[in-house]
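Asker: What follows is a predicted structure for the sequence shown.
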Amino acid sequence: MTDRSAVNTIRGYFYQFDLTILSILKLESLDHAIEVECVEDIDIHTADDITATQCKYYAKTEYNHSVIKDAIKHMLSHFKETLLGSKPKVLYSIYGHYLSGHEKLNLEIDIEFLKKNFLTYTLKDIKYYHHRDLKLSDSDLSEFLRRLTININAEAFDVQFQNVIESLQNQFKTTKFTAEYFFYNNALSIIRSLAIQEIKEKRLITKKDFLEKINTSSILFNEWFIQKKGMEAHFSRLRKEYFTELNISPFERFFLIEIENSSYMRYEIKNILFEISRKWSKLSRREPNPFCPYVYIQGLAHDELVSLKGELAIENFKIIDGHDFNGAQFSIQSMISSATYGNGIKLKIINTLDNLQQVIENINKTRRIYQFHINDYYFDYNNPSVQHIKIQLKKHSDINSII
């Protein structure tokens with residue numbers, strides 16, 4: 001497959017995923033549902049009907065009847081089984097986007113047009129008639145046409161995507177960023193997980209369950225979302241949303257970092273700590289309200305944490321950790337003492353999650369928590385007064401690309 005073909009194929013997948021998400025959001029009842037990859041790409045279940053939808057995305061291709069012929073033949077075969085009573089009756093829908101050629105299809109399709117353009121085909125110089133093979137009468141074909149809807153004027157890729165984001169914004173009464181990075185990101189993951197289920201019943205989800213599943217408090221690392229956005233663009237958007245301030249306010253900021261033990265390198269963590277301190281501290285002599293951030297490192301062995309802090313001390317990078325002398329108990333007052341130009345404190349390293357909880361609860365200033373997690377998030381702090389951002393990453397070294 002050429003690079004261009006690969007890109008078109010991937011866009012086709014996303015187009016179908018987006019249509020699936022939009023179809024769920026448009027369901028009138030929370031109890032209505034969709035099935036993924038069942039009779040067709042998307043099966044929409046309402047209280048009265050099931051609509052089997054085949055999705056076609058050919059933004060670079062002219063429409064020809066042959067493009068949807070196989071889909072219609074497949075639908076007609078299913079229709080025959082419904083007449084025999086072996087499968088339940090459904091409605092059929094073909095939804096497609098094409099570069100040109102729309103004038104070739106008259107939406108008022110009659111029986112003769114159906115037979116000639118969609119049900120007749122040649123194989124090894126022999127002409128076949130699909131409706132005859134199925135032993136369907138003109139009356140049967142009339143009933144099939146009543147159940148069939150064809151739309152070859154479907155929205156373009158970007159237009160449909162914006163409709164998805166706007167629908168999520170309206171559903172959750174939220175910003176465009178949150179709609180895309182929280183809800184749409186999670187929606188992609190859920191639709192993909194449904195599509196790969198082998199058991200038919202596990203590929204069905206109600207609108208109610210879907211909305212509940214995508215409503216999470218963490219920006220999850222979803223390979224499909226990253227592939228659509230691009231890694232660099234993804235990091236840039238997170239940086240713009242959370243880590244770009246022209247004038248840094250003297251807030252108490254907590255950076256929570258999870259490391260991968262399998263690829264841990266001390267210098268990488270030191271570089272992250274240096275960057276956090278450089279960007280999120282104000283310690284100049286003239287600063288009226290000097291401050292520096294707090295850092296907690298998840299998954300780092302105690303001995304390695306001690307070695308890390310010792311190395312920082314040797315390099316004259318001054319930190320405090322709430323323990324004033326060897327063997328001293330953790331002191332909240334020591335931990336929250338002010339960093340100034342005079343004392344040279346550049347970072348406050350918190351040793352445990354319990355200490356982290358204590359420190360946050362004993363500060364009266366504005367607090368912000370930035371939690372970077374590789375697996376499930378490891379710290380939950382629910383307080384409407386405290387902004388708590390959870391961002392899942394594939395590796396801890398990506399943090400510098402965001403902050």
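Answerer: Good, I have the coordinates. In this text, all values refer to a predicted model and were calculated from it rather than measured experimentally.
Asker: just for the stretch 51-200 of the chain, where's the confidence low?
Answerer: 107 (pLDDT under 70).
Asker: Could you rerun that using 80?
Answerer: Along the stretch 51-200 of the chain, the model assigns pLDDT under 80 to residues 106-107.
Asker: Report the residue spans of the stretch 201-350 of the chain with pLDDT below the cut-off.
Answerer: In the stretch 201-350 of the chain the weaker segments, taking pLDDT under 80 as the threshold, are 246, 262.
Asker: those helices in it, which residues are they?
Answerer: Taking DSSP state H, counting those that start in this stretch, the helices of the stretch 201-350 of the chain run over residues 207-214, 223-229, 231-242, 266-280, 302-314, 332-335.
Asker: same deal with the stretch 1-150 of the chain?
Answerer: Under DSSP H, counting those that start in this stretch, the stretch 1-150 of the chain gives helices at 3-25, 65-84, 111-114, 130-133, 138-147.
Asker: got the phi/psi numbers for the nearest residue to Ser77 once chain neighbours are set aside?
Answerer: Spatial nearest neighbour of Ser77, chain neighbours left out: Leu134 (6.6 Å); criterion: CB to CB, 6 or more residues apart in numbering. Heads up, the C-betas are built off the backbone N, CA and C, glycines and all. The phi/psi pair for Leu134 (degrees, to the nearest 10) reads phi -90, psi 0.
Asker: Counting neighbours, what do you get for Leu134?
Answerer: Here the number of neighbours of Leu134 (other CB atoms under 10 Å) works out to 17.
Asker: who touches it in this structure?
Answerer: Contact analysis of Leu134 by CB atoms under 8 Å, 6 or more residues apart in numbering lists 76-77, 80.
Asker: Buried only: go through these for me.
Answerer: For these, a neighbour count by 16 or more other CB atoms under 10 Å gives the buried set as 76, 80.
Asker: now the helix or strand containing Leu356: mean pLDDT?
Answerer: Assigned by DSSP states H and E, Leu356 falls within helix 353-361. When pLDDT is averaged along helix 353-361, the result is 96.
Asker: So which elements touch that helix?
Answerer: strand 252-258, strand 294-298, helix 332-335 (3 or more CB pairs under 8 Å, 6 or more residues apart in numbering; DSSP states H and E).
Asker: Measure how far the last one is from the centre of its chain, please.
Answerer: What separates the centre of helix 332-335 from the centre of its chain is 39 Å, taken as CA atoms, centre = their mean, to the nearest Å.
Asker: just the second one next, same as before
Answerer: Taking the mean C-alpha point of strand 294-298 and that of its whole chain, the gap between them comes to 26 Å (CA atoms, centre = their mean).
Asker: repeat for the longest one
Answerer: A distance of 23 Å separates the centroid of the chain from that of strand 252-258, by CA atoms, centre = their mean.
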